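# Have a look at this prediction, sequence included:
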Amino acid sequence: MKICVLFNPRSGSAGRIEALRDALAARPGVTLRELGPDDDPAEVAGRAGREGFDIVAVAGGDGTVSAGANGLIAARSRAALAVFPLGTGNDFCRTMAIPLDPMEAVGLLGTGKTRRIDAIRVDGARTGYLVNAASGGFSGKVAADVTSDLKATWGPLAYLRGAVGTIVDPPRYRLTIRFDGGPPEHFDAVNVVIANARTAAGGILVAPAANPEDGWLDAVVVRAGDALDSSLVATRLMNGDYTHDENVIHRRARRMEIESDPPLPMSLDGELCEGARFAFEVVPKALRVLVGPGYRAAPQSEAALEDEDDDDGLPDSEAAPRKGMGPALFGLLGGFLLLAKRLPRDTVGGLAVAAVTILLFAWLARGAVGEEWRDWDEAVRRSWGPEAYPGLRPLAEGVTWFGGAWGMAFALAGLLTLFVMRKHYLTAATLIGVAAGAALLEVALKSAFAIARPPLPADAPPTLGFSFPSGHALRGVGVYGYLAAVALARGYTHRRPGWWIVSAASALIAVGICWSRVYLGVHWPTDVIAGALAATAWVAACLAARHRAATRPGQTG
């Protein structure tokens, strides 16, 4: 097998280039060619393809990869393109599952498989072919601002660093777009992506659904909006899938024409240009590429995503490209922003429940303050306390722990970890809101009513503070009641018995916490009922906000 390797000595560090050159020189059938400052990489790659090499490999960044692909496509060569990544972003390699360590990528020369992928022909302000993606507007300006010094200092994070200055005042563009020769469509946009592959800017999923073998280009347009809209899109982008946002338009087409006012700064496979008009057209099966063992043309299916979505409005995306705590934190922030954005609207049902429970709470509080309920409290304590059921004390002490500080800490830590790991960020954000609201309600309501606790039994656990309402009941019904409601909704949606069991168990824990406070003699029954009512009101409002945030425009229910 004849292999020609083109080196770009200006990509990567000198040490990596020397190590790669030594490894390749030891392989039989390999010809090394270093690109000089006056060489056109596309022309050199095309010439190598015409000379009968089986594989033409490029060692460099995304710009070098694009030049090599352009040369082979223009020469109509049957040679396969191989890539040894030495750049900053290496985004083409990510979709092709090519190892980002160039020494590991050398191994594909003997073990890799070749696949025919599409390319995108570009006309207008620039001509040529794309194999990865074109990004314009905000992302194009960021790419222009990311200098070589910034790349050298920050590495793949250079694109995030470069976005800091631009995101404060993002540019806006009036775009006129025709898809497949159809009527012109107008967009006030901050960004547009035309993608063949899935990532850009060092691994960010700019086109999560793109398939480089399906004969379509993926177009993603981000509409201009207010600061909250832009922040929400940005957090969902960093989480790994922003195309479900109401301000993001995702289309597939075979040809796309764009006119922009003002002229649009574009990054075309990492090469910068600016123009008022661009045309993009897919060229099916235009290039043979040596891919890694983990390559798959199609991303994770929409059906699989919907099963894991949990109605969050922040659906799961491919796990492989975005791992670690960073994307999880961005996803959780996205959940909070969704709640903040949509809280004032469409919460009538939940707020109605909240209003009713607040009225019940007020009625109960009035009686508790005036001690009109005290005879009833005493009767219930005798009927449900140790006098009636002396053997249940260990159970009561065990159950009440779940509503205490340590029990709540463990429950919240476990649930938040579970939700974030499964990318149910809106559910996690709402849970934090439920817990924080319950804590604030406890402090505010106890201080407002200042009702003393009942006479404590000698064997009662140490208890401080006022009695009305019960903090254990407020926290327990808040957190476990919220979990029960979410699991119940999942059970109805997916018809899985496991969710019904989780819902029933969570509700049982909430009820058990309320009962334990009366049994142990540290609260009047009215304290517990008031805490449960206050929690129910707050959870209802939070669930209404969560439902509204998870419902995309145009959906009902």
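Sure, I can see it.

# For residue 496, the count of nearby residues, please.
Other residues lying near residue 496 total 12 when counted by other C-beta atoms under 10 Å. The C-beta positions use only the backbone N, C-alpha and C, and glycine is treated the same way.

# is it true that it touches residue 488?
No - the pair residue 496 / residue 488 is not scored as a contact, 11.8 Å apart, by C-beta atoms under 8 Å.

# Would you map the helices across the stretch 101-250 of the chain?
102-106, 108-111, 138-145, 148-154, 158-168, 227-239 (DSSP state H, counting those that start in this stretch).

# Stretch 23-34: end-to-end distance?
15 Å (C-alpha to C-alpha, to the nearest Å).

# Just the C-alpha atoms of stretch 400-413, please, in PDB.
What follows is stretch 400-413, C-alpha atoms only, in PDB (Å, rounded to 0.1, in the frame of the first residue of the first chain):
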ATOM      1  CA  THR A 400     -38.000  11.000  60.800                       C
ATOM      2  CA  TRP A 401     -34.300  10.900  59.900                       C
ATOM      3  CA  PHE A 402     -35.200  11.200  56.200                       C
ATOM      4  CA  GLY A 403     -36.800  14.600  56.900                       C
ATOM      5  CA  GLY A 404     -33.800  15.900  59.000                       C
ATOM      6  CA  ALA A 405     -30.800  17.700  57.900                       C
ATOM      7  CA  TRP A 406     -28.600  14.700  57.100                       C
ATOM      8  CA  GLY A 407     -31.400  12.700  55.500                       C
ATOM      9  CA  MET A 408     -32.300  15.700  53.300                       C
ATOM     10  CA  ALA A 409     -28.600  16.200  52.400                       C
ATOM     11  CA  PHE A 410     -28.200  12.600  51.300                       C
ATOM     12  CA  ALA A 411     -31.500  12.500  49.500                       C
ATOM     13  CA  LEU A 412     -30.800  15.700  47.600                       C
ATOM     14  CA  ALA A 413     -27.200  14.700  46.800                       C
END
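
# Give me the buried positions along that stretch.
Neighbour-count burial for stretch 400-413 flags 400, 401, 402, 403, 407, 408, 411, 412 (criterion: 16 or more other C-beta atoms under 10 Å).

# and the closest residue to the second one other than its chain neighbours, how far is that from residue 194?
The spatially closest residue to residue 401, leaving aside those adjacent along the chain, is residue 407, at 4.7 Å (C-beta to C-beta, 6 or more residues apart in numbering). Counting by C-beta to C-beta, to the nearest Å, the gap between residue 407 and residue 194 amounts to 52 Å.

# What of residue 129?
Taken as C-beta to C-beta, the span from residue 129 to residue 194 is 12 Å.

# Which of those two has more residues huddled nearby?
Neighbour comparison, residue 129 and residue 194: the larger count goes to residue 194, with 27 against 23 (by other C-beta under 10 Å).

# Quick one: residues contacting the more buried one.
120, 130, 133, 134, 135, 217, 218, 219, 256, 280 (C-beta atoms under 8 Å, 6 or more residues apart in numbering).

# now those residues as TSV including neighbour count and distance to residue 44?
As requested, the contacts of residue 194 are arranged in TSV below (neighbours: other C-beta atoms under 10 Å; distance: C-beta to C-beta, whole Å):
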residue	neighbour count	distance to residue 44
120	25	22
130	26	19
133	30	24
134	29	24
135	28	27
217	29	28
218	26	30
219	22	32
256	24	30
280	23	26
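
# could I get these as a markdown table with distance to residue 288 and pLDDT?
Formatted as a markdown table, these follow (distance: C-beta to C-beta, whole Å; pLDDT from 0 to 100):
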| residue | distance to residue 288 | pLDDT |
| --- | --- | --- |
| 120 | 17 | 96 |
| 130 | 17 | 92 |
| 133 | 20 | 90 |
| 134 | 22 | 90 |
| 135 | 25 | 84 |
| 217 | 19 | 93 |
| 218 | 22 | 92 |
| 219 | 25 | 91 |
| 256 | 25 | 95 |
| 280 | 22 | 96 |
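
# Could you export the residues you listed as TSV, including distance to residue 473?
Converted to TSV, those look like this (distance: C-beta to C-beta, whole Å):
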residue	distance to residue 473
120	61
130	61
133	54
134	57
135	53
217	57
218	51
219	53
256	58
280	60
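
# From those residues, pick the one nearest residue 96.
residue 133 (13.2 Å; C-beta to C-beta).

# How about that closest one: which residues does it bridge to?
Using DSSP bridges, the bridge partners assigned to residue 133 are residue 195.

# Next one: residue 511 from residue 380, what distance?
Distance from residue 511 to residue 380, counting by C-beta to C-beta: 15 Å.

# just checking, residue 48 touches residue 82?
No - contact status for residue 48 versus residue 82: not in contact, 11.7 Å apart, counting by C-beta under 8 Å.

# Centre of the chain to stretch 21-40, how far?
41 Å (C-alpha atoms, centre = their mean, to the nearest Å).

# Three-state assignment for residue 521, please.
Following DSSP: H, G, I helix; E, B strand; the rest coil, the label given to residue 521 is coil.

# Where does pLDDT dip in the stretch 51-200 of the chain?
Within the stretch 51-200 of the chain, the stretches with pLDDT under 70 are 138-170.

# where do the strands sit along it?
Assigned by DSSP state E, counting those that start in this stretch, the strands in the stretch 51-200 of the chain fall at 55-60, 80-85, 113-124, 128-130, 133-137, 173-179, 185-195, 199-200.

# what angle do the fifth one and strand 113-124 make?
Here the directions of strand 133-137 and strand 113-124 differ by 30 degrees (axes from the mean of the first three to the mean of the last three C-alpha atoms, to 10 degrees).

# Give me the contact list for strand 133-137.
91, 120, 122, 143, 171, 173, 189-197, 199-201, 206-207, 210, 222, 258, 260, 264-269, 278, 280.

# Buried subset of those, written for ChimeraX?
The buried subset of those, as determined by 16+ other C-beta under 10 Å, is captured in ChimeraX by this line:
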select :91,120,122,143,171,173,189,190,191,192,193,194,195,196,197,199,200,201,206,207,210,222,258,260,264,265,266,267,268,269,278,280
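
# Excluding covalently adjacent residues, which one is nearest to residue 217?
Closest to residue 217 by C-beta to C-beta, 6+ apart is residue 282, at 4.9 Å.

# Repeat that for residue 497.
Here the residue nearest residue 497, using C-beta to C-beta, 6+ apart, is residue 491, at 7.8 Å.

# For the one you found, pull up the helix or strand it's in.
According to DSSP states H and E, residue 491 maps onto helix 471-494.

# Give me the mean pLDDT for that helix.
The pLDDT scores in helix 471-494 average 84.

# any chance you could read off phi and psi for residue 520?
phi -80, psi -10 (degrees, to the nearest 10).

# Could you say which helix or strand holds the nearest residue to it once chain neighbours are set aside?
Leaving out its chain neighbours, the residue that sits closest to residue 520 by C-beta to C-beta, 6+ apart is residue 396, at 5.5 Å. Assigned by DSSP H and E, residue 396 belongs to helix 393-401.

# which strands and helices sit next to that helix?
Applying 3 or more C-beta pairs under 8 Å, 6 or more residues apart in numbering; DSSP states H and E, one finds that helix 393-401 contacts helix 497-519.
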